[in-house]
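A.B. asks: Build me a model:
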Amino acid sequence: MKAAVSWISRGAIWLVTGAIALAATSAHAHEFLLKPDRFTFKKGETVYIHAMASHVFMVSEEMEPLDTVEAKVRRGKTITPLKLTENAKGLQLETSFSPTADAPVLLFGRRFDDVVCATTRGMRDGTRKELEAKGLIVKSCTRYEKFTKVWLNTRVADKNFAELVGQKLEIIPLADPAFAKVGDEMQFKVLYDGKPLSTAAWATYDGFSKRENTYAYYTEADAQGVLNVKITAPGVWMVRVAHAMKAGGGDVETVETRAVAMFEVR
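C.D. replies: Numbers count the residues shown, from 1 in each chain. All right, here's what the predicted structure looks like:
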């Protein structure tokens, strides 16, 4: 089944729980999210950004290491790096920016060097060397690289909404998120190393469930990397894809890349 979704009776969306999600990829690694405190703002206002590691969407469950996360904003053609700081109490990294105009903004980021290993005592964060030094027997390890894109201030059309930012695994909307509304079937294109990727995709919105790895929607991209997501409720939505490959040697067996796209539906 390509670019389609299955339904329960009477149009209710298919609840894709962790059991199904785990069939495609490891559930131990958290999703990497950049969540702003607001999605609409005016020139000069301060927008606070929270870098989250999450299984429950969208609540941060642990603080990512500061030196493994990058965050940037794109305003028009200008890209500005953001400086992150630790908030141990809030289990997250934080940053902020002040828009210089009442115009659309793209927030995007990367989480790298996230290694998770299967051991005889269960899943553990850390490299093979680090875990073996603790006396654990390591069976296999996966290195994760995660990307996030967030469309902000979309009250007006954004002529740059579909421009690439060069992420290894990248999600591109085929229609401006500024005009997304309940009842729409939004289309996205998935690229891996710049080429279309046919892969599974999950989507949900903030507050849909407090259960781990629980999504509101499941679909699959077609051979051109195009997938469809039915918008069933207002709120902050996220679309998530992943791609795993065997490692070419070293201390890990698998390299998995993940990407999340976030936008607000009013």
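
A.B. asks: what's the neighbour count on the closest residue to Y217 other than its chain neighbours?
C.D. replies: Leaving aside its chain neighbours, Y217 sits nearest to A203 (4.2 Å; criterion: C-beta to C-beta, 6 or more residues apart in numbering). Using the backbone N, CA and C atoms, a C-beta is placed for each residue, glycine as well. A count of nearby residues for A203, using other C-beta atoms under 10 Å, gives 28.

A.B. asks: Report the contact partners of A203.
C.D. replies: A203 is in contact with 215-219, 229, 237-240, counting by C-beta atoms under 8 Å, 6 or more residues apart in numbering.

A.B. asks: out of those, which are inside strands?
C.D. replies: 217-219, 229, 237-240 (DSSP state E).

A.B. asks: Please identify which of those is nearest to T142.
C.D. replies: When those are compared for distance to T142 (C-beta to C-beta), R240 wins out at 16.8 Å.

A.B. asks: Identify the residues contacting that closest one.
C.D. replies: Listed by C-beta under 8 Å, 6+ apart, the contact partners of R240 are 31, 201-203, 215, 258-260.

A.B. asks: List only buried entries from those.
C.D. replies: For the contacts of R240, a neighbour count by 16 or more other C-beta atoms under 10 Å gives the buried set as 31, 201-203, 215, 258-260.

A.B. asks: can you tell me how far the spatially most distant residue from the centre of the chain sits from D125?
C.D. replies: Distance to the chain centre peaks in the chain at G135, reaching 33.5 Å (criterion: C-alpha atoms, centre = their mean). Distance of G135 to D125, given as C-beta to C-beta, to the nearest Å: 16 Å.

A.B. asks: Distance from the chain centre to stretch 219-238, please.
C.D. replies: On the basis of C-alpha atoms, centre = their mean, to the nearest Å, stretch 219-238 is displaced by 13 Å from the centre of the chain it belongs to.

A.B. asks: Name the residues of that stretch that come out as buried.
C.D. replies: Across stretch 219-238, burial judged by 16+ other C-beta under 10 Å covers 219, 221-222, 225-232, 235-238.

A.B. asks: Also stretch 254-266?
C.D. replies: 254-265.

A.B. asks: Tell me where the stretch 1-150 of the chain has helices.
C.D. replies: Counting by DSSP state H, counting those that start in this stretch, residue ranges of the helices within the stretch 1-150 of the chain are 18-24, 128-133.

A.B. asks: I'd like to know which of those helices has the weakest mean confidence.
C.D. replies: When the helices of the stretch 1-150 of the chain are compared on average pLDDT, helix 18-24 comes out lowest at a mean of 36.

A.B. asks: Count the neighbours of the closest residue in space to A101 that isn't next to it in sequence for me.
C.D. replies: Of all residues not flanking A101 in the chain, K43 sits nearest, at 5.4 Å (C-beta to C-beta, 6+ apart). Neighbour count for K43, taken as other C-beta under 10 Å: 11.

A.B. asks: Start the count at 49 instead of 1 going forward.
C.D. replies: Sounds good: first residue 49 from here, last item K91.

A.B. asks: surely K91 meets P147?
C.D. replies: Yes. At 5.7 Å, K91 counts as touching P147 under the criterion of C-beta atoms under 8 Å.

A.B. asks: Give me the secondary structure label for the closest residue to P225 other than its chain neighbours.
C.D. replies: Once flanking residues are discounted, P225 sits nearest to F311: 3.9 Å by C-beta to C-beta, 6+ apart. For F311, the assignment made with DSSP: H, G, I helix; E, B strand; the rest coil gives strand.

A.B. asks: F311 bridge partners, please.
C.D. replies: When assigned by DSSP bridges, F311 has beta-bridge partners W285.

A.B. asks: swap in V117?
C.D. replies: Beta-bridge partners for V117, by DSSP bridges, are R159.

A.B. asks: cool, I219 as well?
C.D. replies: With DSSP bridges as the criterion, I219 is bridged to V238.

A.B. asks: Tally up the residues packed near it, please.
C.D. replies: Other residues close to I219 by other C-beta under 10 Å number 25.

A.B. asks: what does T133 give?
C.D. replies: Number of residues near T133 (other C-beta under 10 Å) recorded here: 10.
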